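Trainee: structure of the sequence below:
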Amino acid sequence: MFGKPRKTNQYRRKGRNLIATNKIKPEQWHISDAEVKEALKAKGHDVKQIKKIHPLKHQVCISYWDVKGNICSSFFSYRIFARWQEEAEKLIYTCQTLKQWAKLNYVMKYEFAYYRYHSEMEDTLYATLENHLYVLKKQHNKWFYSKITDKN
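Mentor: Below is the predicted model of the structure:
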C-alpha cells in the first residue's frame, strides 16, 4: 500500500566551496574559445568550433559544433579549466598563517569530496596544500624558536 520512503541525499554544507566562499570568482573570467576547446577536448568532447560561452556564478553554459556538425550545448563546471587549478594554487600560496591554511584546507576537503576533479588536478592541488603546510610549519617553528631565544 505504501511506497518505499524517498531516498534523501547526504547533507551538504551550504556555502563551503571555493565559489560560494568568494575565494574564486570564475564568472568574472573572460574565458577564450581556445580555453574552452582545450577543456572540452580533455573531457572527451569532439569540438570543431565554439558557438557561445555564457558564464554563470557556479557553472558555464557552452554551445559548440562538434566534428559531425551537430550543435551541442551543456552546462560545465569551472573545475574543468586549467585556470581553476591556477587560481586554487594562488589561494594556497597566499595563506600566510597556519590558521588561514587550515581554513582553506577545510574548504578544499569539501571540494574534493563533492566535486569531480581531473585526477591530475586533484593530486597537484593536494600536493601543493601539503607542501605549503610544510613551509608554513617551518616558518612557524623558526618564529617560535626565535621568540624563545630572544627571552633568554
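Trainee: Tyr110: neighbouring residues, count only.
Mentor: Counted with other C-beta atoms under 10 Å, the neighbours of Tyr110 add up to 17. C-betas here are computed from N, CA, C, even on glycine.
Trainee: so which strand or helix has Cys61?
Mentor: If you go by DSSP states H and E, Cys61 is part of strand 59-66.
Trainee: next helix or strand past that strand?
Mentor: Counting by DSSP H and E, the next helix or strand C-terminal to strand 59-66 is strand 71-77.
Trainee: which secondary structure elements does that following strand contact?
Mentor: Where contact means 3 or more C-beta pairs under 8 Å, 6 or more residues apart in numbering; DSSP states H and E, strand 71-77 is packed against strand 47-55, strand 59-66.
Trainee: again, only this time at 6 Å
Mentor: Helices and strands touching strand 71-77, as assessed by 3 or more C-beta pairs under 6 Å, 6 or more residues apart in numbering; DSSP states H and E, comprise strand 59-66.
Trainee: quickly run through the sheet partners of the strand it packs on, with directions.
Mentor: Partner strands and pairing direction for strand 59-66 (DSSP bridges) are strand 47-55 (antiparallel), strand 71-77 (antiparallel).
Trainee: which residues does the last one contact?
Mentor: Residues from elsewhere that reach strand 71-77 (C-beta atoms under 6 Å, 6 or more residues apart in numbering): Gln59, Val60, Cys61, Ile62, Ser63, Tyr64, Trp65, Asp66.
Trainee: any stretches of this protein with poor pLDDT?
Mentor: The chain contains residues with pLDDT under 70 at 1-15, 142-152.
Trainee: which residues does the closest residue to Lys51 other than its chain neighbours bridge with?
Mentor: In this structure, Lys51 finds its nearest non-sequential neighbour in Ser63, 4.1 Å apart by C-beta to C-beta, 6 or more residues apart in numbering. Applying DSSP bridges to Ser63 gives these bridge partners: Lys52, Ser73.
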